[in-house]
Structure formats: structure tokens, C-alpha cells
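Asker: I would like to see how this sequence folds:
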Amino acid sequence: MEQWGSAVRVKGLSGRWSERSRLVKVDLYTRGTIYLVIWSAVSVVAALLVLQSATGTLSPLPALAAVALTLAHGLVCARLARRAMDTYLGQDEVPRGLLGWATALTCAESFVALLLVRSGTPEALEALPGLLSCVVLPLSAGYALLVRNRVTALAHLGVLAAVFALTSLTGMGLGQRIFTAVFVTFASAWLAWTGRASLWVLAVMWELREARDVQARLAVAEERLRFGRDLHDVLGRNLAVVALKSELAVQLARRGRPEAVDQMLEVQQIAQDSQREVREVVRGYREADLRAELEGARSVLEAAGITCTVVLGRLELPGEVESTLGWVVREAATNVLRHGDPRRCTISVGEVDGTALLVVENDGAGPHPAPAASATPAASAASAPERPGTGLAGLRERLSAVGGELETDSGRTGRFRLLARIPLDPTGTGTGGGIGRERAADGGGNTTIGGGTG
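Answerer: Purely as a prediction, here's the structure:
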């Protein structure tokens, strides 16, 4: 797991209980349960040593040394368990040195338990299976989290053989030795597997939490991209028209023509419309209407002195497809204004083999020198520097979202061609309202919306 996830956990594990999330509470509950098992086992061994000292079976000095060894064993194994849990969750490295110390102390504690039973009463001999289990459990809790399951299984086979061999020092019968070895191995394996299973569930929960956080960040990033793309598409054409009409107003004003005031009033209206559209973009409600965009593109291009012909085929489009094509028309018209010095532009919308097609073709493509004072406003607007490709990249993203694609071609003859394809559903009608209903009464065929000159 990544360091970012670890930082979230460390932050989440602090604070008051009521302020923690349910996942953090589960984490603390799991860790606390393992610690409780470890210290319960240590407490049983320590209590037995104190009891042996109180009854005179064990002298005070050896009893004190044995209790100190037991507490040291518990502290080291508890620290090993904490490091092992962090390692399993991807927050720490394998504590090899600590694992060695815990293993050594477990072996020493086992020998102490055997000597204690050998020198004690028959009742102590009967308690040997439980005593050895309490000695092995603290190590088993952490060890199983640091190695693979296969290694854990082999280690418990080793525990089975070791306990069976060491119990021969106590004078126990064969049946008692087998029972003790099986009992200790089962207790150790039980804690190992249940602890590992609990940590596995906890790790999955943390991964789901991190995946949800990543999903939230991706959603924010996608919203930022949407906002940037929509803002570019909305303001791109409007600013181009503002620049166009401002240039026209300047030329009219220099000639003393009263039409300059009308042009500036239109600039004011465009600015107000832009404010409204930007608010819609911020709220995420912005949709493009294909028919309105076609009319707007023709009007803007003809105002710039470009002959624009719009050919609209008879078709029904789903609302999402129609909106996407509307954005394509808007951006294409902006590119016609900004790039090159076109004189003619044709926009065609139709359907071929269940695919909606939008073709925008214009002449005058390619770089041109700076326009002279007598140049058309469109050429003046095209002279403004702009980083290429931003709008087209946004169109490709929009088309990709509905399964479409965008192609552009700039031929040697100075003509630029933009083609947008969007596959429709098998019926070819899609869902939602489309422009086909508005054209159904026209009697079929194509409809030419406009073709005048500016």
C-alpha cells in the first residue's frame, strides 16, 4: 500500500473514540484483541510462577527471575505483534531482529516451564499443555503475519515435533506427550490463522477506503476537466465574436459610422450571455442545442464575412448525441474564426449506416501573415496567438464519452475538414428529443438553413 494510505491511518488512529470512523474503530478493535490474547497468556504464566513461589514449590529468587523473563517475553512479543500488523498492512518493514529476539525468549520461556513442571507437583504436570500454549501464543500472534501460509504450516509442524520431544524430559507417558504436543500446536495454529484472517479483512477494508478516496479525487479531477473544457467551449466562440465585433466597431468608429454603437451593444449582449453561460457551466447544467448552435455558427461566420452554408439532414438524434454535436459545431465555428482566413464554410449534419455525422469544411486554412489595416475582421481575429489543439482535445473527450470520434484533415489546397462521428443505437433513433421531429414536416431530404454572404 502507498505511503499516502499509511498517513491516513496514522491520522485516523488518533483522537477521541467518538470522533473516529467505524473503520478506525475496527482497526483498533482488531489490534486490541490480539494484544489482549498476548497479555492474557503472559498473565497466566506469571500468575502460575507467583503461585509456585507462594506455595514454596519455587524459591523466591528463581521465581523472580522467571517472572522477569515472562514479562520481557510478553513485551517483546507484543512489540513484534504491533510491527507485524503494521507490516501486513503495508506500513512497516519486516522486523527480522525483533523476530529473532521473540523466538529466543519463547524458547527460554519453554525450558523454564518444563523445569517448573518437572520439579513441581503432579497437578503442575497436568497443567503443562495449557502452560506451554500460553508460552507459544505470544510469538504465534506476530509470526504468522510476517511469513507465508506455507511457512506458518511448516513452523507448526516444527512446534508439534519440538513439544513432543521436550516433554520426554518431564517423565510423561506417550499418550500425555502426544496430547500435549497436539494441544499446544492447535492453540498456536488457532491464534495464527484467526489473527491472519482478521488482519486480511482489515487490510481489505483499508484498501476499499483508499479506493473510495481515490475515486473521490478522480471525481474532483474529472469535474475540473469538465469545467475547463466547458469554459473553453463556451467562452472560446464568445470571445472570438467579441474580438470580431470590437474590431468592426473600431473600423466603423474611425469612419464616423453610427453602426459602431450597434456593434458595441451586441458586444455588451454577448458579454451578458457569457456571464449566464459561465454560471451554467459552474452549476454543471450547460447543454448545447444543435439547432441553436447551427444557427449561431452561421450568423457569426456570416457576420465575419464568411459565406456559410448549413445542410441539415432529416434525422432523429438522442439528446446526448445532439448536445455533443452542438459542442462540436460551436468549437468548429470558433476554429474557423481563429485559424486561417476563410471565405467559405459548409456545415453538414446527417446519418449514414446508423452513425451520426457532422462535417465542417472551410477554405483559407493554414497560417497567414498579419492582416493589413483593410483586412476583414475575421482575419484580424485569426491573427491572435493561441495554443493549438486545446479545443479539439476537448471535443475528442466529449465524443469519446458517447462512443464517437473526431477526424481533422488539412489538405494541400488550403481546405480544412473536420469530421465527427457518433454511432447511434440499432434503431437509429436513440432516446430523448432530437432535431428530427422539428424537420419531420419538411418532406424528407436535406434542409439548407442558410447560405448568404456577409
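
Asker: now the strands for this structure?
Answerer: Assigned by DSSP state E, the chain shows strands spanning 307-312, 344-352, 355-362, 405-410, 416-423, 447-450.

Asker: And residue 144, how far from residue 212?
Answerer: Distance of residue 144 to residue 212, given as C-beta to C-beta, to the nearest Å: 29 Å. The C-beta positions use only the backbone N, C-alpha and C, and glycine is treated the same way.

Asker: The two - which one has more neighbours?
Answerer: Shown here are residue 144 and residue 212; by other C-beta atoms under 10 Å, residue 144 has more neighbours (27 against 10).

Asker: Was I right to think that one contacts residue 194?
Answerer: No: at 9.3 Å, residue 144 does not count as touching residue 194 under the criterion of C-beta atoms under 8 Å.

Asker: Just the C-alphas of stretch 238-258, formatted as CSV.
Answerer: What follows is stretch 238-258 as a C-alpha-only set of coordinates in CSV (Å, rounded to 0.1, in the frame of the first residue of the first chain):
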residue,chain,number,x,y,z
ASN,A,238,-18.0,34.3,-27.5
LEU,A,239,-14.6,35.9,-27.0
ALA,A,240,-13.8,35.4,-30.7
VAL,A,241,-17.1,37.2,-31.6
VAL,A,242,-16.3,39.9,-29.1
ALA,A,243,-12.9,40.4,-30.7
LEU,A,244,-14.5,40.4,-34.2
LYS,A,245,-17.3,42.9,-33.4
SER,A,246,-14.9,45.1,-31.4
GLU,A,247,-12.6,45.3,-34.4
LEU,A,248,-15.6,46.0,-36.6
ALA,A,249,-16.8,48.7,-34.2
VAL,A,250,-13.3,50.3,-34.2
GLN,A,251,-13.3,50.5,-38.0
LEU,A,252,-16.8,51.9,-38.2
ALA,A,253,-16.0,54.4,-35.5
ARG,A,254,-12.9,55.6,-37.4
ARG,A,255,-15.1,56.2,-40.4
GLY,A,256,-17.7,58.0,-38.3
ARG,A,257,-20.4,55.4,-38.9
PRO,A,258,-23.3,55.2,-36.4
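
Asker: Quick one: the helices in the stretch 1-150 of the chain, in order.
Answerer: 3-12, 22-54, 60-88, 96-118, 122-126, 128-143, 149-166 (DSSP state H, counting those that start in this stretch).

Asker: quick one: which of these is nearest residue 208?
Answerer: helix 22-54 (8.7 Å; C-beta to C-beta).

Asker: residues of the closest one that come out buried?
Answerer: 23-24, 26-27, 30-31, 34, 37-39, 41-42, 44-46, 48-49, 52-53 (16 or more other C-beta atoms under 10 Å).

Asker: just how off-centre is that helix within its chain?
Answerer: 39 Å (C-alpha atoms, centre = their mean, to the nearest Å).

Asker: from now on call the first residue 23
Answerer: With the count now opening at 23, the last piece we talked about shows up as helix 44-76.

Asker: other SSEs contacting it?
Answerer: helix 25-34, helix 82-110, helix 118-140, helix 150-165, helix 196-276 (3 or more C-beta pairs under 8 Å, 6 or more residues apart in numbering; DSSP states H and E).

Asker: swap the cut-off to 6 Å and go again
Answerer: Contacting helix 44-76 under the criterion 3 or more C-beta pairs under 6 Å, 6 or more residues apart in numbering; DSSP states H and E are the following elements: helix 82-110, helix 150-165, helix 196-276.

Asker: about what we covered before: may I see the helices of the stretch 23-172 of the chain organised as a markdown table, with distance to residue 376 added?
Answerer: Formatted as a markdown table, the helices of the stretch 23-172 of the chain follow (distance: least, C-beta to C-beta, whole Å):
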| stretch | distance to residue 376 |
| --- | --- |
| helix 25-34 | 46 |
| helix 44-76 | 48 |
| helix 82-110 | 54 |
| helix 118-140 | 65 |
| helix 144-148 | 84 |
| helix 150-165 | 63 |
| helix 171-188 | 54 |
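
Asker: could you dump those helices to TSV with mean pLDDT and distance to residue 260?
Answerer: Listed next are the helices of the stretch 23-172 of the chain as TSV, based on pLDDT from 0 to 100; distance: least, C-beta to C-beta, whole Å:
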stretch	mean pLDDT	distance to residue 260
helix 25-34	44	41
helix 44-76	86	48
helix 82-110	88	56
helix 118-140	83	66
helix 144-148	65	92
helix 150-165	85	66
helix 171-188	85	64
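
Asker: Which stretch among the ones you listed is buried most, on average?
Answerer: Of the helices of the stretch 23-172 of the chain, the one with the most neighbours on average (mean count of other C-beta atoms under 10 Å) is helix 150-165, at a mean of 26.

Asker: Summarise which helices and strands that one is packed against.
Answerer: helix 44-76, helix 82-110, helix 118-140, helix 196-276.

Asker: What's the per-residue pLDDT of residue 398 here?
Answerer: Per-residue confidence (pLDDT) for residue 398: 47.

Asker: same thing with residue 329?
Answerer: Looking at residue 329, the pLDDT reads 89.

Asker: does it have beta-bridge partners, and which?
Answerer: Counting by DSSP bridges, residue 329 forms beta bridges with residue 366.

Asker: Pull the number of nearby residues for it.
Answerer: 19.

Asker: Pretty sure it sits against residue 367.
Answerer: No: using C-beta atoms under 6 Å, residue 329 is not in contact with residue 367; the gap is 7.1 Å.
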